[in-house]
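Participant: Next one to model:
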Amino acid sequence: FRLQHQSDSALHYLLLAKSRAEKCNQFSILANSFTEMGLIYQNQQKTNLTFNAYEQALAYANTSQNIKVIKQAAGYLYPIYKEKGQLEKAFETLEIFHASSDSLFNEENTRKLVQKEITYAYEKKEQQIALSQQQKDMEQQQVVLKQRFVIYGVGVSFLAALFFLIAYYRNFRNNQNANV
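Facilitator: Below you'll find the model as predicted:
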């Protein structure tokens, strides 16, 4: 609703989500709800409500250790504190913003590194499977070649024996015909 510029509907549903999240102690949902409310109030130029919503968002985000919302809320609070002349608070939120940005960056890098490790392990396993399959195929080809060699050897031996028998039979008949 906020993106569709329906602020009243968005606030209504955010307040509903806030009350339900409070009942269930869902601090991360509360942090997100207050951040969204802050954005709506900021668009409506309601400075005090914006400020209060972002402070609540930061508090709940810290409680839930939701780094993304901590970064968002701190990023939204910094210019407000600076505008109000609360430079110490502005500096604190800027430090929180940078620390959470670094943390998110480290998480993203860790996630990418783990993904690369998983991909490498998967590819290595695939290569091992392919190599194993090649070895099995080569062994199978050797078995087939041995079988063919045996079959051809038996066939040649059979033909040689048949040729020998035919020659012997002819010789035997020629000897009988000569004796008669």
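
Participant: Check which helices and strands the helix ranked longest in the chain is in contact with.
Facilitator: Ordering each helix of the chain by length in residues (DSSP state H) puts helix 87-179 first. Secondary-structure packing of helix 87-179 (3 or more Cβ pairs under 8 Å, 6 or more residues apart in numbering; DSSP states H and E): helix 67-84. C-betas here are computed from N, CA, C, even on glycine.

Participant: The helix it packs on packs against which elements?
Facilitator: Secondary-structure packing of helix 67-84 (3+ Cβ pairs under 8 Å, 6+ apart): helix 27-43, helix 47-64, helix 87-179.

Participant: got JSON lines for those, with mean neighbour count and distance to Ser9 too?
Facilitator: What follows is the helices and strands packed on helix 67-84, written out as JSON lines (neighbours: other Cβ atoms under 10 Å; distance: least, Cβ to Cβ, whole Å):
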{"stretch": "helix 27-43", "mean neighbour count": "22", "distance to Ser9": "10"}
{"stretch": "helix 47-64", "mean neighbour count": "19", "distance to Ser9": "17"}
{"stretch": "helix 87-179", "mean neighbour count": "11", "distance to Ser9": "30"}
